[in-house]
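Student: output the structure for:
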Amino acid sequence: EDSKTKMMRWSQLTEVLRREKCTMVHFDLLDANQERLQRATTLVIWVVSPTGQVLAHELVEIQSILDGPHHTQIERLAEDMEDVLRIYGRSILRKLYNLCISRVQEQIRGCHNLLLVPEGPMCLIPWAALMDRRGRYLLESHALRVTPCLELLARVHKTLDV
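Tutor: A predicted model of the protein is given here:
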């Protein structure tokens, strides 16, 4: 089986989370056909505990959060984050917090260590700088680790075991 198409097994995922001693929050963008081919319309959020328990699975309609003065494709917004921050300032950090974090805020409350796994252009979001409505940065509430894919962490752990 080609390693690029090989998917991580659940047991591998839970092993990574156990070793990292953190709760995973996975973000993925899907289009109207539930694929990654066209403009994203849905943000899929998974929250998984260090023991492998699924704490949340949320489907968030992107347009309901990003309309108004920041109405733009989420992919474009992430790719142009430096310019977006210069133009919109902190308000975009609050909108991204509302889109990505507020939906699972109850499930991650009390989780000190978070492993964020943003897929695709979501990797370009400045996660530590996301801000809640009280002006607190995400980093003030949680120790954050960000990885573009869990397979990378699994390989690191495997290498360390050798």
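Student: pLDDT weak spots in the protein?
Tutor: For the chain, residues meeting the criterion pLDDT under 70 lie at 1-7, 64-72, 161-162.
Student: ranges for the helices of it?
Tutor: 10-20, 63-66, 74-79, 81-88, 90-100, 105-108, 138-141, 150-161 (DSSP state H).
Student: most tightly packed of the ones you listed?
Tutor: Greatest average neighbour count among the helices of the chain goes to helix 90-100 (a mean of 20), per mean count of other C-beta atoms under 10 Å. Where you see a C-beta, it was placed from the backbone N, CA and C, and this is true even at glycine.
Student: so what does that helix touch, helix or strand wise?
Tutor: Helices and strands touching helix 90-100, by 3 or more C-beta pairs under 8 Å, 6 or more residues apart in numbering; DSSP states H and E, are strand 42-48, helix 63-66, helix 81-88.
Student: how about residues contacting that helix?
Tutor: The contact list for helix 90-100, computed with C-beta atoms under 8 Å, 6 or more residues apart in numbering, reads 27, 43, 45, 60, 62, 65-66, 69-70, 74, 77, 84-85, 122, 125-126, 129-133, 135, 138.
Student: do stretch 32-47 as well
Tutor: 23-31, 54-63, 73-75, 99-100, 103-104, 107-108, 119-120.
Student: drop anything exposed from those.
Tutor: 23-30, 55, 60, 62, 73-75, 99-100, 103-104, 107-108, 120 (16 or more other C-beta atoms under 10 Å).
Student: residue contacts, the closest residue to residue 54 other than its chain neighbours?
Tutor: Leaving aside its chain neighbours, residue 54 sits nearest to residue 48 (5.7 Å; criterion: C-beta to C-beta, 6 or more residues apart in numbering). Shown in contact with residue 48 (C-beta under 8 Å, 6+ apart): 13-14, 17, 23-24, 26, 54-55.
Student: of all the helices and strands packed on helix 90-100, which one is nearest residue 143?
Tutor: Set against residue 143 and scored by C-beta to C-beta, the helices and strands packed on helix 90-100 come closest in strand 42-48, at 15.9 Å.
Student: then the closest one to PDB, C-alphas only?
Tutor: Output of strand 42-48 as PDB, limited to C-alpha atoms (Å, rounded to 0.1, in the frame of the first residue of the first chain):
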ATOM      1  CA  THR A  42     -18.200  23.400   6.000                       C
ATOM      2  CA  LEU A  43     -15.600  23.200   8.800                       C
ATOM      3  CA  VAL A  44     -15.400  19.800  10.400                       C
ATOM      4  CA  ILE A  45     -14.100  19.700  13.900                       C
ATOM      5  CA  TRP A  46     -13.200  16.600  15.900                       C
ATOM      6  CA  VAL A  47     -12.100  16.700  19.500                       C
ATOM      7  CA  VAL A  48     -10.500  13.500  20.800                       C
END
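Student: noted, bye for now.
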